[in-house]
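Novice: Any chance you could fold what I've pasted below:
(4 chains)
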Amino acid sequence: MADTILLLAGVLIFLAIVFAVTRLILGRTIVDRVAAVDLLTVISISMIALYAHIADRFIYLDVALVYGVLSFLAVVATARYLERGL
Amino acid sequence: MMQRLPSAIAVLLLALIFATIAIGHAEQTVLRPLAESYVRLVPHELGAPNVITGILLTYRAFDTLGEVAVLFMVAAGVGLVLKEPGKAGARSASDSEAAQPASEIVRTAAQILVPLIAIFAAYIIMNGHISAGGGFQGGAVIASAVLLMLLADPSHKLNSVFLSVTESLAGVLFVLVGIAGLIFAGGFLDNRVLPLGQFGAFFSAGAIPLLSVLLGVKVGCELSVILDRFRA
Amino acid sequence: MAPNTRARRSASFVGLWLLLTLIWFAASSSLAIESIITGAAIAAVLAHLFVRRFPAWTDVRLSPERLIPFFRYTGVFLVEMVRANLNMLRYVYAPRIDINPGIVEVRTRLKTPVGRLALASSIALTPGSLVVGLEGDTLTVHWLDVKTTDAEEATRLIVGPFETELEKAFG
Amino acid sequence: MSEVAGSILVLIGAFFHFSAGLGMLRMPDAFTRMQAGTKASTLGNALILIGIAFYHPGWSLKLLILIYFVFMTNPVSSHALARAARAIRIPMAGPPPQALASAPAAARDGA
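Specialist: Reported below is the predicted structural model:
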């Protein structure tokens, strides 16, 4: 029961990633693409946490946290670059 | 449409690669002989549950020292390449005129987040022998905190003298611990100069936590220096 | 003046120290005493370093008359956030996206940086609004469904739910 | 029982991620896309992590840190991005804002 629901959740997350990547390719403006990357990173944090649950490894949560820090920095750095702040 | 075709194909191929990885993925359960001997030896000889850190900071600690030296060379080389003696001052002045300051929200958020990232980096460094992490990873997180500070305030001056002195001091101490291993234990950078302690406890695995701290400080300082040089 | 600032700084030092120790404890999730002591020592060093350097932390103080509004603000925030998401679902799943986006300016009474940061973050996560700029006490907000261009009315709609609690929590 | 509750929370969170992706695809301009992405994915992430906490009660403290971290960083990064978008005059959908003279006249044709 619970596993089936988790599988369904995985399918939904996969579709979300497909949508975000489509936006990343179609873009139209650079800000759209960066926003898509931002969404992808948040989804990735959830996915790493889910993987930690599936593999039953507590320490993978550290990976999610470090990934969150780095991706936040990446988006802020890109934004600062775009507004000619660097 | 036509000019988007190559990028679409590239993304599809990338998706294919990831799909094969994701579908064919299974946690490796059977170890090869070398891996098995390491998995058996590291907890027994070094008292470190994290085999990778045990290998990196004891069996292959000399290589780690070399890697940090390479990083140091990179920091020095970036400084050498990017430094333009005559033009540097004038260029940075014109840049600061054009540069837009970060918004107040980003600046405040940086002030709030930097201490939190710093304590997390300290956690990663100190727990290298028990869980995932270690000196290199923690040092990179320290550098990311410094990067956040620089993003929020591009005119911020890093104290490069302090950074260089700390970095050199950490390097010297690292080598001194190694020499202590040569004198008091089995060889250069042997971790058994300190008691191994109880397996899995916070203070255990001999000198590995100490080496990890020194490595983290050194890597953090070096990466910060590189960031600082790229900005100028 | 000087003793007052010092007292305030030491109060925020204690606050930051406790917060960092808590984060260390949560990250390591271990009850081993030596781990907690080491964490507390590192947290003390970091707190000492950063309270001096980052003035924003002097706005964060631990006291009942500040914590209670903060918890009340958290409650308001969570409710508003769920509402915002249901709202967003309505837009996203509508057969034809029916929105009226635009930029409005609203005003805030908040003075301290941390309070303004919390306000801006709350606005970003609540119904149909995203802070685009912040100058002086004027927030420039991108609004998904502009109901009014009047500054007073927009302020009431966007800033209203959070401002009173945040004013008490962060001054 | 708690496993089913956790998995249902994860499913709701995944649904919010899905909505965020769909909003990212369907919304008309960069600002609205950013809004859809930020809000729905922040809540979705929180729900998924809470759902995992149902499975592993011992992990809850660290999951809480992750949730707080995303709550703190996601609005800030989207604000920085929105400010950059306004600074480089990304076209905005909708009627041109008469109320704000300083805003760039919204060009409805895309870049």
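Novice: got a pLDDT number for the residue nearest the centre of chain C?
Specialist: Taking CA atoms, centre = their mean, the centroid of chain C lies closest to C:Ala118, which sits 1.9 Å from it. For C:Ala118, the pLDDT comes out at 83.
Novice: Same check on the one 5 residues further on?
Specialist: With respect to pLDDT, C:Ile123 has a value of 82.
Novice: do C:Glu80 as well
Specialist: So C:Glu80 comes in at 84 (pLDDT).
Novice: Kindly report the same for A:Ala2.
Specialist: Turning to A:Ala2, the model gives it a pLDDT of 76.
Novice: re earlier: pretty sure the residue nearest to the centre of chain C contacts C:Glu165?
Specialist: No. Judged on CB atoms under 8 Å, C:Ala118 makes no contact with C:Glu165 at a distance of 9.6 Å. Where C-beta positions appear, they are placed from N, C-alpha and C, glycine not excepted.
Novice: so what sits against both of those two?
Specialist: Shared contacts of C:Ala118 and C:Glu165 (CB atoms under 8 Å, 6 or more residues apart in numbering or on different chains): C:Tyr73.
Novice: In contact with the spatially most central residue of chain D, which residues?
Specialist: Compute the mean C-alpha point of chain D, and by CA atoms, centre = their mean the closest residue is D:Thr38, 1.4 Å away. D:Thr38 is in contact with A:Asp38, A:Leu39, C:Ala124, C:Leu125, C:Leu130, D:Asn74, D:Pro75, D:Ser78, counting by CB under 8 Å, 6+ apart.
Novice: Now rank these by neighbours and give me the top one.
Specialist: Counting neighbours by other CB atoms under 10 Å in any protein chain shown, A:Leu39 comes out on top of the contacts of D:Thr38 with 31 neighbours.
Novice: Helix or strand: which one has that one?
Specialist: helix A:30-55 (DSSP states H and E).
Novice: Mind giving me the packing neighbours of that helix?
Specialist: Under the contact definition 3 or more CB pairs under 8 Å, 6 or more residues apart in numbering or on different chains; DSSP states H and E, helix A:30-55 sits against helix A:2-26, helix A:60-82, helix D:2-26, helix D:30-55, helix D:60-87.
Novice: Please identify the most buried of the ones you listed.
Specialist: Mean neighbour count (mean count of other CB atoms under 10 Å in any protein chain shown) peaks for helix D:30-55 among these, with a mean of 26.
Novice: Centre of the chain to that helix, how far?
Specialist: 6 Å (CA atoms, centre = their mean, to the nearest Å).
Novice: Stretch C:130-147 too?
Specialist: From the chain centre to the centre of stretch C:130-147 is a distance of 16 Å (CA atoms, centre = their mean).
Novice: Stretch B:49-62 now?
Specialist: 15 Å.
Novice: Check stretch B:145-158 too.
Specialist: Centroid separation for stretch B:145-158 versus its chain: 18 Å, with CA atoms, centre = their mean.
Novice: Give me the buried positions along it.
Specialist: B:Ala145, B:Val146, B:Leu147, B:Leu148, B:Met149, B:Leu150, B:Leu151, B:Ala152, B:Pro154, B:Leu158 (16 or more other CB atoms under 10 Å in any protein chain shown).
Novice: which of those are close to chain A?
Specialist: Cross-checking those against chain A (CB under 8 Å from any CB of the partner chain) gives B:Leu147, B:Leu148, B:Leu151, B:Pro154 as the overlapping residues.
Novice: what kind of secondary structure is C:Val106 in?
Specialist: strand (DSSP: H, G, I helix; E, B strand; the rest coil).
Novice: one step back: what about the helices and strands packed on helix A:30-55, which gets the closest to C:Ser29?
Specialist: Of all these, it is helix D:60-87 that lies closest to C:Ser29, at 5.7 Å by CB to CB.
Novice: other SSEs contacting the closest one?
Specialist: In terms of contacts (3+ CB pairs under 8 Å, 6+ apart), helix D:60-87 is packed against helix A:30-55, helix A:60-82, helix B:104-126, helix C:2-28, helix C:113-125, strand C:129-135, helix D:30-55.
Novice: Can you pull the residues of chain D lying near chain B?
Specialist: Those residues of chain D that sit near chain B, judged by CB under 8 Å from any CB, are D:Phe69, D:Met72, D:Thr73, D:Val76, D:His79, D:Ala80, D:Arg83, D:Ala87.
Novice: go with 6 Å
Specialist: Within chain D, the residues that sit near chain B (CB under 6 Å from any CB of the partner chain) are D:Val76, D:His79, D:Ala80, D:Arg83.
Novice: Closest one of those to D:Phe54?
Specialist: Using CB to CB, the residues of chain D next to chain B come closest to D:Phe54 at D:Val76, 28.9 Å.
Novice: Show the pLDDT at the residue nearest to the closest one when sequence neighbours are not counted.
Specialist: Distance criterion CB to CB, 6 or more residues apart in numbering or on different chains; nearest residue to D:Val76, sequence neighbours excluded, is B:Ala109 at 4.3 Å. With respect to pLDDT, B:Ala109 scores 87.
Novice: where's B:Ala109 relative to D:Ile12, distance?
Specialist: For B:Ala109, the distance to D:Ile12 equals 28 Å [CB to CB, to the nearest Å].
Novice: Also B:Gly54?
Specialist: Going from B:Gly54 to D:Ile12 by CB to CB gives 42 Å.
Novice: and the angle from the helix or strand containing C:Pro69 to helix D:30-55?
Specialist: Take DSSP H and E as the rule and C:Pro69 turns out to sit in helix C:64-93. Interaxial angle of helix C:64-93 relative to helix D:30-55 (axes from the mean of the first three to the mean of the last three CA atoms, to 10 degrees): 110 degrees.
Novice: wait, is B:Leu210 part of a helix?
Specialist: Yes. Counting by three-state DSSP, B:Leu210 is located in a helix.
Novice: That one: neighbour count?
Specialist: For B:Leu210, the neighbour count with other CB under 10 Å is 18.
Novice: Show the pLDDT at it.
Specialist: In this model, B:Leu210 carries a pLDDT of 81.
Novice: Could you find the closest non-adjacent residue to it?
Specialist: Nearest residue to B:Leu210 in three dimensions, chain neighbours excluded: B:Val177, at 6.3 Å (CB to CB, 6+ apart).
Novice: Could you do A:His53 as well?
Specialist: Nearest to A:His53 is D:Ile52, by CB to CB, 6+ apart, at 4.9 Å.
Novice: mind checking how far the one you found is from chain C?
Specialist: 14 Å (CB to the nearest CB, to the nearest Å).
Novice: try B:Val81
Specialist: 31 Å.
Novice: quick one, what contacts the residue lying closest to D:Glu3 once chain neighbours are set aside?
Specialist: In space, and not counting its chain neighbours, D:Glu3 is closest to A:Ala2: 4.3 Å by CB to CB, 6+ apart. Contacts of A:Ala2 were listed using CB atoms under 6 Å, 6 or more residues apart in numbering or on different chains, and they are D:Glu3, D:Val4, D:Ser7.
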